[in-house]
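Asker: I'll drop the sequence and a predicted model, then ask my questions.
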Amino acid sequence: MPNTPATYWKLHKVPILMALLGAILYYTFAFQLERTDFIKLLTLFAASFFLCLKLIQFEKWNLKFLLVVGVIFRLIFLLTEPNLSQDYYRFIWDGHLVGNFINPYLEVPNNLITQSDLVIPNAQLLYNSMGSLSAKHFSNYPPLNQLLFAIAALLGGKSIMGSVLVMRTMIILADIGILYFGRKLLKNLNQSPHLIFWYFLNPLVIIELTGNLHFEGVMLFFFVWSLYLLSVKKWRLAAIPYALSICVKLVPLLFLPLFLKHLGFKKSITFYIIIGASCLLMFAPFYSSEFIANYSETVGLWFSNFEFNAGIYNAIKQISIQFDGKPWELIKTYGKITPIVTILVVLLFTFLRDNQKISVLITSMLAVLTLYYFMSATVHPWYIVFLVVLGIFTRYKYAILWSATVILSYYAYSKMDFKENLGLIAVEYISVYAFLIYEIFNSKEQFVIFRKN
């Protein structure tokens, strides 16, 4: 049968119509949605998720079709500013600082904005828009992320939209890279390559990364590239993109101990040395006597000062309040305990679980990061994207469910006082817990520490 447009339409009519509907939904999301309109946000997101499910179901072996659809969905956001996040104002601010050789780890916006000779274009607009919380703290974004901000600021010039366009292009290219290496890794794991589209077409990924300019996708590009190189036994080379992923977002640091059993002691030491040297090289231009103290203080705030969309922490807080506990004291105590528990969990999965196989290693990563997010007092929706990627390479798919339910946390943005709805958060977490328990008891590969090859 000749491969004509008419024939293609006949064979793929329903998926094409669904893709067109999806494009309309994303256009509405990008250009006609206010963050405070929770019902509209939830409706658009739910409809987009349903279409994602159906597109993968109907066209899972049609790589070109799903690739084109995923790219089109992203390009819809290309010329609009984020409407669910204000973080990008700080990205551009930091980018102009770095571009002018000012260290963003040593200066806070609150102090810089008072300077009459400030070199940042649109400084007052960026300062006012980034929010008071960001304005009073040093930057917490690692050096490679800062370099990307600087490139965006340089190419964008005095135009905020120009910088947004550059950052968005970076994130879209990173997603295509994840698709490329993710399919290769899935093949090496003897899994269906189409599973990567649970990332590439996932509405949470498209909206939070491409739409809202969060750089998790860039981090994950280097991370997935590193995992692919590990799967083909190129572990020395894999250390370089792994270091790059750390220097975009610090999260992959959490998994470093797990490589002890995967590579063996001697190889893992070399692996760590390459990663450490690469990271030091990228941090070196920003180093000063105050750098370590400032950066540690800023990162530490996420454990002891902030709370949003928490699971276990919210449950503990509600119980504490019943016994006259003070939430502002609890968050500080809880913030000190969380890193300790996280380290213990990582060590348990390092020494009591056999991580020699790459599939087992990735499952251990998924377990560690899941437990960390379950305990964390702050779980922004875009954090779940990392779990989605890890879950794709394992038997566990609860992260996909979480990527759907986490949108309930945006209810807080619909209120002037930014008050969370604990009922909606309970629905989010209970559904994830329930599905995870179901998967644990129905999986051939048990989601436990004492896993043997």
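Answerer: Noted; the coordinates are in hand.
Asker: the lowest-mean-pLDDT helix or strand in the chain packs against which elements?
Answerer: Taking mean pLDDT, DSSP states H and E as the measure, the chain has helix 291-304 as its least confident helix or strand, at a mean of 75. Applying 3 or more Cβ pairs under 8 Å, 6 or more residues apart in numbering; DSSP states H and E, one finds that helix 291-304 contacts helix 327-351. C-beta coordinates here come from the backbone N, C-alpha and C atoms, glycine included.
Asker: can you give me the buried ones in the helix it packs on?
Answerer: Neighbour counts over helix 327-351 (16 or more other Cβ atoms under 10 Å) mark 330-331, 334-335, 338, 342, 345-346, 348-350 as buried.
Asker: what lies in contact with that helix?
Answerer: 254-255, 257-258, 260-261, 300, 303-305, 307, 313, 316-317, 320-321, 355, 364, 367-368, 371-372, 375-377, 449 (Cβ atoms under 8 Å, 6 or more residues apart in numbering).
Asker: what subset of those is buried?
Answerer: 254-255, 257-258, 260-261, 303-304, 307, 313, 316-317, 320, 355, 364, 367-368, 371-372, 375-377.
Asker: separation between residue 151 and residue 232?
Answerer: 30 Å (Cβ to Cβ, to the nearest Å).
Asker: neighbour count winner among these two?
Answerer: Neighbour comparison, residue 151 and residue 232: the larger count goes to residue 151, with 17 against 13 (by other Cβ atoms under 10 Å).
Asker: measure that one to residue 98 for me?
Answerer: In terms of Cβ to Cβ, residue 151 sits 9 Å off from residue 98.
Asker: the host helix or strand of residue 279 vs helix 291-304, what angle?
Answerer: Using DSSP states H and E, residue 279 maps to helix 265-283. Angle between the axes of helix 265-283 and helix 291-304 is 110 degrees (criterion: axes from the mean of the first three to the mean of the last three Cα atoms, to 10 degrees).
Asker: helices or strands up against helix 265-283?
Answerer: helix 143-156, helix 235-246, helix 259-263.
Asker: what stretches of the stretch 301-450 of the chain score poorly on pLDDT?
Answerer: 301-305, 328, 444-450 (pLDDT under 70).
Asker: recalculate using a threshold of 90.
Answerer: 301-307, 310, 313-315, 317-339, 413-419, 441-450 (pLDDT under 90).
Asker: residue 347 and residue 280, how far apart?
Answerer: With Cβ to Cβ as the criterion, residue 347 and residue 280 are 24 Å apart.
Asker: neighbours of residue 192, how many?
Answerer: 12.
Asker: that older thread, now the helix holding residue 279, how far from the centre of its chain.
Answerer: 23 Å (Cα atoms, centre = their mean, to the nearest Å).
Asker: got it, and stretch 13-21?
Answerer: With Cα atoms, centre = their mean, you get 28 Å for stretch 13-21.
Asker: what comes up buried for that stretch?
Answerer: Neighbour-count burial for stretch 13-21, counted by 16+ other Cβ under 10 Å, picks out 15, 18-19.
Asker: please tabulate the residues you listed in CSV, including the columns distance to residue 268.
Answerer: Formatted as CSV, those follow (distance: Cβ to Cβ, whole Å):
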residue, distance to residue 268
15, 45
18, 46
19, 45
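Asker: give the contact list for the closest residue in space to residue 201 that isn't next to it in sequence.
Answerer: Counting by Cβ to Cβ, 6 or more residues apart in numbering, the nearest residue to residue 201 once its immediate chain neighbours are dropped is residue 52, at 4.7 Å. Residues in contact with residue 52 (Cβ under 8 Å, 6+ apart) are 22, 201-203.
Asker: among the residues you listed, which ones are in helices?
Answerer: If you go by DSSP state H, the contacts of residue 52 have 22, 203 in helices.
Asker: which of the contacts of residue 52 sits closest to residue 122?
Answerer: Residue 122 lies nearest to residue 203 out of the contacts of residue 52, by Cβ to Cβ, at 30.8 Å.
Asker: tell me, how many residues neighbour residue 361?
Answerer: Residues near residue 361, counting by other Cβ under 10 Å, number 24.
Asker: that one against residue 256, yeah?
Answerer: No - contact criterion Cβ atoms under 8 Å: residue 361 and residue 256 do not qualify, at 11.8 Å.
Asker: show residues contacting stretch 93-110.
Answerer: Contact with stretch 93-110 is made by 90, 112, 119-121, 123, 126-127, 130, 134-139, 141, 146-154, 163, 286, 288, 290-291, 294-295, as judged by Cβ under 8 Å, 6+ apart.
Asker: select only the buried ones of those residues in PyMOL?
Answerer: Those of those that count as buried under 16+ other Cβ under 10 Å are selected in PyMOL with:
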select buried, resi 90+112+120+121+123+126+127+130+134+135+137+138+139+141+146+147+148+149+150+151+152+153+163+286+294+295
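Asker: picking that back up, just so I know, which of the helices and strands packed on helix 265-283 lies nearest residue 381?
Answerer: helix 143-156 (18.9 Å).
Asker: what's downstream of that closest one, the next helix or strand?
Answerer: Downstream of helix 143-156 (by DSSP H and E), the next one is helix 160-188.
Asker: now the angle from that following helix to helix 143-156?
Answerer: 130 degrees.
Asker: ranges for the helices of the stretch 1-150 of the chain?
Answerer: Counting by DSSP state H, counting those that start in this stretch, the stretch 1-150 of the chain has helices at residues 5-31, 38-59, 63-75, 87-99, 109-112, 123-130, 132-135, 143-156.
Asker: quick one: buried residues of the fourth one?
Answerer: Meaning helix 87-99. Quick answer for helix 87-99 (16+ other Cβ under 10 Å): 87-99.
Asker: can you list the weak-confidence ranges in the stretch 1-150 of the chain?
Answerer: Applying pLDDT under 90 to the stretch 1-150 of the chain flags residues 1-13, 107, 116-119, 131-133, 137.
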